[in-house]
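S.K.: Provided below are the primary sequence and the corresponding predicted coordinates.
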Amino acid sequence: MLDLTTTYLGLELKNPLVPSSSPLMQKVDNIKRMEDAGAAAVVLHSLFEEQIARESHSLDHYLDYGSESFAEAVTYFPEMIGYNRGVEGYLEHIAKAKQAVSIPVIGSLNGFSSGGWIEYAREIEKAGADALELNVYYVAADPTRTSQDIEQMYLELVRAVVKSVNIPVAVKLPYFFTAFANMAQRIAWAGADGLVLFNRFYQPDFDLESLEVLPTLRLSQSSELRLRLQWVAMIHGRVDADLAITGGVHTAEDVLKCMMAGANVAMMTSVLLERGVQYLRALRESIETWMLDHEYDSLRQMRGSMSYKNVAQPAAFERANYMRVLQAYDQHIDMLG
């Protein structure tokens, strides 16, 4: 019998399929349907820092950074309380979700400063969440803030939240850090139990007729997976934290690649928005078929098999790969004559 089990944040999961944070999670019925379709855990939609600030009447501190300083800005979300029924509604939702399903429920905090996060991290734990994901969504738009400032902000936030709760904590990261592998290691040292690679930053578009800057949502594609695979493969077994891939996971092949790179779980939202939560069942069946065809008994056999520390030529993840790609294009141009 095939063994699809994995572990993530100390949680025993029946498979690596984890729907990620999205508005789909606002309805308990959707979470139940995900469990029925084969989801091993879920990450709830986020409680936003802006909501915490509004409800504590301390928004001025954050507005001092300028609304352009973080992508999910106050000016883009004037009615944030309506997004997920506010702080109290969010905590009630966790409790209801835990009563409705038997799979782990992971809470999510979205912001960039400690502020009220410590208090609400504790409240999320009290509401019954099995773990907490910190979605540090920060765009470094201030030219006076150095890379060291930004890194220190992340580390202080992680330390403060980890110290305040007893449940496992994962940190959802961007790929913008100059020395990402080092930063991943430092965040793990700061106490993070898991790293989620990578946050998808939503770029606004310009309306040429109204001359307005428009918030724009574009669903992910499988092509986005390669960046995640590269970095998970490079830090697997070299950074002491569980690893999750999110962004670009659409097919069974995508999930298998995540496992071979070294991820503990593969997270997804866009494909579920496109194809419905029942697609989780088809994903699992396709994974099982592939494993049978290729004579794998368990996911553990393949996990990390294509990572930096396990492949025969780890330089393929660094400059050697760059040189080979250029050489291949040179050959292609020669063939075109």
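M.R.: Received, thanks.

S.K.: Any stretches of this protein with poor pLDDT?
M.R.: Within the chain, the segments meeting pLDDT under 70 span 49-85, 111-116, 312-337.

S.K.: Now do the domain split for it, please.
M.R.: With domains defined by automatic domain parsing, the chain comprises 6-306, 311-337.

S.K.: Can you tell me which of those is packed in deepest?
M.R.: With neighbours taken as mean count of other CB atoms under 10 Å, the domains of the chain reach their highest mean count in domain 6-306, at a mean of 19. All C-beta spots, glycine's among them, are computed from the backbone N, C-alpha and C.

S.K.: Pull the distance from that one to the chain's centre.
M.R.: On the basis of CA atoms, centre = their mean, to the nearest Å, domain 6-306 sits 3 Å off its chain's mean C-alpha point.

S.K.: That one spans what distance, first to last residue?
M.R.: Taking CA to CA, to the nearest Å, the first and last residues of domain 6-306 lie 17 Å apart.

S.K.: how near is the closest residue in space to Leu197 that isn't next to it in sequence to Ser305?
M.R.: Nearest non-adjacent residue to Leu197, counting by CB to CB, 6 or more residues apart in numbering: Arg228, 5.1 Å away. Distance of Arg228 to Ser305, computed by CB to CB, to the nearest Å: 17 Å.

S.K.: what's the answer for Thr6, then?
M.R.: Going from Thr6 to Ser305 by CB to CB gives 14 Å.

S.K.: Likewise for Val101?
M.R.: 32 Å.

S.K.: Next: Val139.
M.R.: Distance from Val139 to Ser305, by CB to CB: 36 Å.

S.K.: Going along the chain, name the strands of the chain.
M.R.: 6-8, 11-13, 17-19, 42-43, 47-48, 105-111, 131-136, 169-173, 194-197, 205-207, 212-214, 242-246, 265-268 (DSSP state E).

S.K.: Can I get the ones you listed in TSV including distance to Asp36?
M.R.: Listed next are the strands of the chain as TSV, based on distance: least, CB to CB, whole Å:
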stretch	distance to Asp36
strand 6-8	20
strand 11-13	16
strand 17-19	12
strand 42-43	12
strand 47-48	26
strand 105-111	15
strand 131-136	22
strand 169-173	25
strand 194-197	25
strand 205-207	37
strand 212-214	37
strand 242-246	22
strand 265-268	17
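
S.K.: Please name whichever of those is nearest to Ala184.
M.R.: Judged by CB to CB, the one of the strands of the chain that comes nearest to Ala184 is strand 194-197, at 5.7 Å.

S.K.: In CSV, list the C-alpha atoms belonging to the closest one.
M.R.: Provided in CSV are the C-alpha atoms of strand 194-197 (Å, rounded to 0.1, in the frame of the first residue of the first chain):
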residue,chain,number,x,y,z
GLY,A,194,8.8,26.1,9.1
LEU,A,195,9.4,28.2,6.0
VAL,A,196,6.9,28.8,3.3
LEU,A,197,8.4,29.7,-0.1
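
S.K.: Sheet-wise, list the partners of that strand with their directions.
M.R.: Sheet pairing for strand 194-197, assigned by DSSP bridges, gives strand 169-173 (parallel), strand 242-246 (parallel).

S.K.: which one of these lies closest to Pro16?
M.R.: Closest to Pro16 of the strands paired with strand 194-197, according to CB to CB: strand 242-246, at 9.0 Å.

S.K.: Any chance you could list what contacts the closest one?
M.R.: Strand 242-246 is contacted from outside by 7-9, 18, 20, 170, 172, 193-198, 200, 225, 228-229, 232, 235-236, 258, 261-269, using CB atoms under 8 Å, 6 or more residues apart in numbering.

S.K.: mind running it again at 7 Å?
M.R.: The contact list for strand 242-246 (CB atoms under 7 Å, 6 or more residues apart in numbering) reads 8-9, 20, 170, 193-197, 228, 232, 236, 258, 262-267.

S.K.: got it, and stretch 146-157?
M.R.: Stretch 146-157 is touched from outside by Ser113, Ser114, Leu134, Val136, Ala140, Thr178, Met183, Arg186, Ile187, Ala190, with contacts defined as CB under 7 Å, 6+ apart.

S.K.: Just the ones of those in helices?
M.R.: Those of those mapping onto helices are Met183, Arg186, Ile187, per DSSP state H.

S.K.: Pick out whichever of those residues sits closest to Phe48.
M.R.: Comparing the ones in helices among the contacts of stretch 146-157 against Phe48 with CB to CB places Ile187 closest, at 21.3 Å.

S.K.: show me the contacts for that closest one.
M.R.: If a contact means CB under 7 Å, 6+ apart, then Ile187 has Tyr154, Leu155, Val158, Val171, Leu195 as its contacts.

S.K.: Please check which residues sit opposite the fourth one as beta-bridge partners.
M.R.: Translated: Val171. Going by DSSP bridges, Val171 is paired in beta bridges with Leu134, Leu195.

S.K.: My read is that it contacts Leu195, right?
M.R.: Yes - between Val171 and Leu195 there is a contact under CB atoms under 7 Å: 5.9 Å.
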